[in-house]
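Engineer: Below is the sequence, then the predicted model.
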Amino acid sequence: MRNSTKMMILIALVLVSIALYLFQGLNGSYDYALPRRGIKVLAMALTGVAIAYSTVIFQTITHNKILTPSVMGLDSLYMLIQTVIYFFFGSMSILVINKNINFAISVIGMIVFALLLYKFLFKAGKRPIYFLLLVGIILGTFMGSITTFLQVLIDPNEFTSLQNKLFASFNNVNGDLVWLALVIITLTVIYGWRSIRELDVLSLGRDNAINLGVDYDKIVKKMLVLSSILIATSTALVGPITFFGLIVANLSYQFFNTFKHSTLIIGASLMSLVALIGGQWIVERIFTFDTTLSVIINFIGGVYFIYLLLKESRTKS
Amino acid sequence: MIQVKEVSKYFAKKPVVDNVSVNIQSGKITSFIGPNGAGKSTLLSMVSRLLDADTGEVLLDKSDVRKWKSNDFSKRISILKQSNYMNVRLTIRELVAFGRFPYSKGRLNAEDEKMVDQAIEYMNLGDLEDSYLDELSGGQRQRAFIAMVIAQDTEYILLDEPLNNLDMKHSVQIMKILRKLVEDLGKTVVIVLHDINFASVYSDFIVALKDGRVIKDGPTHEIINSDALKEIYDMDIPIQEMNSCRICVYFNS
């Protein structure tokens, strides 16, 4: 099967999922239910694209197919920010109730953290990128520990309310924020798309990329910043869900079997749309909200991750 | 012309390349030889910008290699390192086509396709061009990478131990191709070699390094003699002349 045919099948699947989600069981409620469903579809599409895109570029610059950008600690930072807000200001404070302020604090916090981390580490001379990842993992664990510590001290009622923020959920996304996220994510993706062919060269490894005239340090920094912006925006919009990127990125590598990032990224994005929108449809209409999508995604993602680890260890030996 | 001027590189305060100055002659094959850890690969990496020198400078056409724009530089000097682990599955043709990246930025035109064809032809890989790299033997893979460098069509070709893990037949084949590149197309080849007999038979100039310093530097016939080799390798190596090739018999010395 040719890659263009595969792409068509995916697009068809996306359209079917969207149509099912938007129109199934609508009962003529065009004014009320349809716009609300539309916003949710848009939120899912944005999240799907942001996560697919950032995971693929992150895996290319780290030369590792079982990493997700969450090792940089952005998810942990998001949880820490939310916990700190609940801890010091409570669930009734303006920082929680006003979603715009909450969104802005989360996004800016995560991006500033990422930029400081990169600046600090790249300034300290030429270090291998794994050093950066290691620092990210350590900081992430550190922030995770503080988060747990604060959550233990917090009032149980507040904690229940906080927990809703810490699981990815599309059920109560805010309309204004979706439009804002749309602007941020679109601009970032368009900006990054100009380097798409340089990413192809990066998969040949650092030495070959430099040999072929790619400004390696510059493009790695640029891609790290882009992927942080995408992760920060989608996390602040729906909650931490980056694990999901691992699944769609690897499915895309397997399915398309090419080195071309344009194909890989579009493929991974389409797959995430099918998974998120189709998955949400199943959660809402078949399980009637008995479970959340992120629980299902983490379950399937975990199983797939174990499969990948087993497969990798088999090919190495 | 490439000029290396008083270049040093330190790893954890230990000098790996220590105040090295060397000129690379255009249109010739220059071999870097010397014991393990002499700094040959590090020096080659600094010439090709894979590593930055800590002190000193490398000049290409009288301007510092660090001041060149990446893309212009990659049309002048190409480098092939010894290990090329990749995370993607490529066919030979796809790999060789990457050699055109400095010119085409990934959108190959008719001329690029022609250069790719020629490079594949040059390395005798025509029958294999649609095979995946991970299905090939070490020698075939090495030839595929050299084909990529040929497609890159640079005046200077730098190779870091290209004969590693190759049998005699493929080693000779690759050295003959390099010789042909120099004589037919006027390329300049700089190569790190471990087998001094290949250096002796195929190169025009030899640069011998030891402990990060250049200890001998000159035309091949000046370096391949027992006295010079004793200084480089601390071994008494008798030299036999056969069919006007000087062969170093180091096996029982």
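Structural biologist: That came through fine.

Engineer: can you map out the strands along the chain?
Structural biologist: I went with chain A, as the question did not name one. Counting by DSSP state E, chain A has no strands at all.

Engineer: nope, chain B
Structural biologist: Under the criterion DSSP E, strands of chain B are mapped to B:2-11, B:14-24, B:29-33, B:55-60, B:63-64, B:77-80, B:156-160, B:188-192, B:205-210, B:213-219, B:239-242, B:245-248.

Engineer: which residues does the nearest residue to B:Leu158 once chain neighbours are set aside contact?
Structural biologist: Using C-beta to C-beta, 6 or more residues apart in numbering or on different chains and skipping the chain neighbours, the partner closest in space to B:Leu158 is B:Ile79 (4.3 Å). To be clear about C-beta, it is placed using only N, CA and C from the backbone, and glycine gets the same treatment. With contacts defined as C-beta atoms under 8 Å, 6 or more residues apart in numbering or on different chains, B:Ile79 is in contact with A:Asp207, A:Asn211, B:Leu44, B:Ser45, B:Ser48, B:Leu50, B:Val149, B:Leu158, B:Leu159, B:Asp160.

Engineer: For B:Ile150, grab the count of nearby residues.
Structural biologist: Neighbouring residues of B:Ile150 were enumerated by other C-beta atoms under 10 Å in any protein chain shown; the total is 25.

Engineer: Run a quick neighbour tally on the closest residue to chain B within the stretch 51-200 of chain A.
Structural biologist: Proximity to chain B, evaluated over the stretch 51-200 of chain A using C-beta to the nearest C-beta, is greatest for A:Arg197 at 3.5 Å. For A:Arg197, the tally of surrounding residues (other C-beta under 10 Å) stands at 18.

Engineer: Show the contacting residues for it.
Structural biologist: Applying C-beta under 8 Å, 6+ apart, one finds that A:Arg197 lies in contact with A:His261, A:Ser262, B:Phe101, B:Lys105, B:Gly106, B:Arg107.

Engineer: how about the residues of the stretch 151-253 of chain B that lie near chain A?
Structural biologist: Within the stretch 151-253 of chain B, the positions near chain A by C-beta under 8 Å from any C-beta of the partner chain are B:Gln152.

Engineer: Can you give me every residue that contacts whichever residue of the stretch 151-253 of chain B sits closest to chain A?
Structural biologist: Residue nearest to chain A within the stretch 151-253 of chain B (C-beta to the nearest C-beta): B:Gln152, separated by 7.2 Å. When contacts are counted by C-beta under 8 Å, 6+ apart, B:Gln152 touches A:Asn211, A:Leu212, B:Ser74, B:Lys75, B:Ser78, B:Gly99, B:Arg100, B:Pro102.

Engineer: Let me have the strands of chain B in CSV, adding mean pLDDT as columns.
Structural biologist: Supplementary listing: these in CSV, determined by pLDDT from 0 to 100:
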stretch, mean pLDDT
strand B:2-11, 86
strand B:14-24, 86
strand B:29-33, 91
strand B:55-60, 86
strand B:63-64, 84
strand B:77-80, 90
strand B:156-160, 91
strand B:188-192, 92
strand B:205-210, 89
strand B:213-219, 87
strand B:239-242, 84
strand B:245-248, 85
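
Engineer: Mind checking which of the contacts of B:Gln152 are buried?
Structural biologist: Neighbour-count burial within the contacts of B:Gln152 applies to A:Asn211, A:Leu212, B:Ser74, B:Ser78, B:Gly99, B:Arg100, B:Pro102; the criterion is 16 or more other C-beta atoms under 10 Å in any protein chain shown.

Engineer: Surely the fifth one and B:Phe145 touch.
Structural biologist: No: shown here, B:Gly99 and B:Phe145 do not form a contact pair, counting by C-beta atoms under 8 Å, at 9.5 Å.

Engineer: Distance of the spatially closest residue to B:Ile150 that is not a sequence neighbour relative to B:Leu158?
Structural biologist: Taking C-beta to C-beta, 6+ apart, and ignoring the residues beside it in sequence, B:Ile150 has B:Ala119 as its nearest neighbour in space, at 4.1 Å. B:Ala119 sits at a distance of 17 Å from B:Leu158 (criterion: C-beta to C-beta, to the nearest Å).

Engineer: out of the contacts of B:Ile79, who's nearest B:Lys13?
Structural biologist: B:Ser45 (18.9 Å; C-beta to C-beta).

Engineer: Would you mind listing the residues in contact with the closest one?
Structural biologist: Applying C-beta under 8 Å, 6+ apart, one finds that B:Ser45 lies in contact with B:Leu51, B:Ile79, B:Lys81, B:Asp160.

Engineer: hmm, 7 Å instead?
Structural biologist: For B:Ser45, the contacting residues are B:Leu51, taking C-beta atoms under 7 Å, 6 or more residues apart in numbering or on different chains as the criterion.

Engineer: pLDDT at it, what is it?
Structural biologist: Predicted confidence (pLDDT) for B:Ser45: 88.

Engineer: longest helix anywhere in chain A?
Structural biologist: Scanning chain A for the longest helix, with DSSP state H as the assignment, gives helix A:33-62.

Engineer: touching chain B at all, it?
Structural biologist: No: using C-beta under 7 Å from any C-beta of the partner chain, we find that helix A:33-62 stays clear of chain B, coming within 7.8 Å at best.

Engineer: Mind listing what's buried along stretch A:10-30?
Structural biologist: Here stretch A:10-30 shows A:Leu10, A:Leu13, A:Val14, A:Ser17, A:Ile18, A:Tyr21, A:Leu22 as buried, counting by 16+ other C-beta under 10 Å.

Engineer: Now do the closest residue to chain B within the stretch 101-250 of chain A, the pLDDT please.
Structural biologist: Evaluated by C-beta to the nearest C-beta, the stretch 101-250 of chain A has A:Gly213 as its residue closest to chain B, separated by 2.9 Å. You'll see A:Gly213 listed with a pLDDT of 87.

Engineer: Who are the contact partners of it?
Structural biologist: Applying C-beta under 7 Å, 6+ apart to A:Gly213 gives the contacts B:Ser70, B:Asn71, B:Phe73, B:Ser74, B:Phe101, B:Pro102.

Engineer: Return the residues in contact with the last one.
Structural biologist: So that's B:Pro102. If a contact means C-beta under 7 Å, 6+ apart, then B:Pro102 has A:Leu212, A:Gly213, B:Asn71, B:Ser74, B:Lys75, B:Gln152 as its contacts.

Engineer: Residue numbers of chain A in contact with chain B?
Structural biologist: Taking C-beta under 7 Å from any C-beta as the measure of proximity, chain A contacts chain B at A:63, A:65, A:197, A:200-201, A:203-205, A:207-208, A:210-215, A:257, A:259.

Engineer: Try it again at 6 Å.
Structural biologist: Neighbours of chain B within chain A, by C-beta under 6 Å from any C-beta of the partner chain: A:His63, A:Arg197, A:Val201, A:Ser203, A:Leu204, A:Asp207, A:Ile210, A:Asn211, A:Leu212, A:Gly213, A:Asp215, A:Phe259.

Engineer: got CSV for these, with distance to A:Asn98 too?
Structural biologist: Formatted as CSV, the entries for the residues of chain A next to chain B read as follows, by distance: C-beta to C-beta, whole Å:
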residue, distance to A:Asn98
A:His63, 42
A:Arg197, 42
A:Val201, 45
A:Ser203, 43
A:Leu204, 48
A:Asp207, 50
A:Ile210, 48
A:Asn211, 52
A:Leu212, 49
A:Gly213, 49
A:Asp215, 42
A:Phe259, 46
